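A.B. asks: The following block contains a protein sequence and its predicted model.
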Amino acid sequence: MTSSTLTFTSQFQSHTTEFLHLQPISLPEVVGTAQVKVKFLAAPVNVLDLVVLAGKYPVKPQTKYDQALVPGYEGVGVVIEVGGLVTALRIGEHVLPKDHGLGTWRTHTVVDADKLVRIPTPSNPVFASLLKMGYTPAYLLLQNMQYLKAGDWVIQNTATGMIAQAVIQFARLQGVRTVNIMRDRKDFDVVRSRLLALSADMVLSESQLEALVQVQPLSHTRRIVLAIDSVFGSSGSRIANQLVQGGTYVSLGFLGGGGEVKLDVNEGLLFYKAVEFKGFRTSRELAGWSQEERSDLWAWMLKLYNKGQLKAPEVEIMHWGSPAQAQDGEELEKKLLDVVEKTANRVVGMPKQIFVFEQ
């Protein structure tokens, strides 16, 4: 069996793929009694993966090959061999990683069966590969961060991101409305129409929001109880200030610069509005979920997708084949690393990058 993996040996210093390499892997002919052999079908390149490559994410990669770490925290695969004592999984069943750190940027793996979660056969493996870190965070943000009632409003920035688009769709299913903020861009009207088609209730650019709130906060006419901030800094401050009394601000990421950028937490938010400030990590929110509970959640999401109630984001696919010769391996490595660099140097509105493994 021809297999390959991306690995890295150290956190990068100058550029994202500095220590990232493609190498062939040898899989055992016979899996352990409690193990399964999995062929990966699709694996996204997420911003979180870049944080992992920088050595700055608290959950470290759990898999090594020749002492090098295997990146990739999300993906979907199919079981192609099972150990003699494995009863929870069967050949041909599809699986997602149970926890962060499994290492999905590889064609195949042999892994303990209890590190995987069974899902129904997906009609679209690319969509299934996005469930764990795209749609699950969106669901948990609306379920765990603030008690939401029909008619409540959520405000979020980076509205074109995968999680934000999923928030729009899950909010619609709950009767919750959304204000969605995105960067100023030339194709604003086109993107706004696309978000409205997903059931966004209000779409504004950063400059439009800034102009509107100089007249009056959006919360004067909307019950905005949850703010989801993926930027921090001035953008995060603006959406925090739209919350009603007792609302919740959630920090989801730091696209605006993280520690170098400050959030304006003023007296009005803390004292008069009593806004609660929280940080969100998917791994922490899922920590108490059993394999069965995760399986049920992801099966439900796949059912929603099949019924047209959840839609996949725009994606760009990189086909990961099996290099037959050394020169093919060098060419494939360059193409794979270019995809990672493209995500690191992403421009506004760039589609999600996905590795799709040859069948």
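C.D. replies: Nice, thanks for sending it over.
A.B. asks: Tell me which stretches of the stretch 151-300 of the chain form helices.
C.D. replies: 162-174, 188-197, 206-213, 233-240, 267, 282-286, 291-306 (DSSP state H, counting those that start in this stretch).
A.B. asks: got these as CSV, with mean pLDDT and mean neighbour count columns?
C.D. replies: For every residue, glycine as well, the C-beta is placed using N, CA and C. Putting these into CSV (pLDDT from 0 to 100; neighbours: other Cβ atoms under 10 Å) gives the following:
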stretch, mean pLDDT, mean neighbour count
helix 162-174, 97, 22
helix 188-197, 96, 15
helix 206-213, 94, 15
helix 233-240, 93, 21
helix 267, 88, 8
helix 282-286, 90, 17
helix 291-306, 97, 17
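A.B. asks: immediately after the strand ranked longest in the chain, which helix or strand?
C.D. replies: The strand spanning the most residues in the chain, taking DSSP state E as the definition, is strand 35-45. Next along the chain after strand 35-45, taking DSSP states H and E as the criterion, comes helix 47-53.
A.B. asks: what's in contact with that following helix?
C.D. replies: 8, 11-12, 16-17, 20, 57, 60-61, 71-73, 105, 133, 253, 255, 340, 343-344 (Cβ atoms under 8 Å, 6 or more residues apart in numbering).
A.B. asks: State the next helix or strand along the chain beyond it.
C.D. replies: Immediately after helix 47-53, counting by DSSP H and E, sits strand 64-65.
A.B. asks: Give me the sheet partners of that next one and which way each runs.
C.D. replies: Partners of strand 64-65 in the sheet, by DSSP bridges, are strand 68-69 (antiparallel).
A.B. asks: Tell me the gap between the strand it pairs with and the middle of its chain.
C.D. replies: Here strand 68-69 shows a centroid-to-chain-centroid distance of 22 Å under the convention Cα atoms, centre = their mean, to the nearest Å.
A.B. asks: what sits up against it?
C.D. replies: Under Cβ under 8 Å, 6+ apart, the answer for strand 68-69 is 7-9, 21, 23, 60-61, 63, 103.
A.B. asks: before we move on, back to that, which strands or helices does the longest strand of the chain pack on?
C.D. replies: Applying 3 or more Cβ pairs under 8 Å, 6 or more residues apart in numbering; DSSP states H and E, one finds that strand 35-45 contacts strand 76-82, strand 108-112, helix 125-129, helix 326-344, strand 352-357.
A.B. asks: Deepest in the core, which of the ones you listed is it.
C.D. replies: Greatest average neighbour count among these goes to helix 125-129 (a mean of 23), per mean count of other Cβ atoms under 10 Å.
A.B. asks: Follow the chain on from that helix and name the next helix or strand.
C.D. replies: Downstream of helix 125-129 (by DSSP H and E), the next one is helix 136-144.
A.B. asks: quick one, that following helix and helix 291-306 angle?
C.D. replies: Inter-element angle recorded for helix 136-144 and helix 291-306: 110 degrees (by axes from the mean of the first three to the mean of the last three Cα atoms, to 10 degrees).
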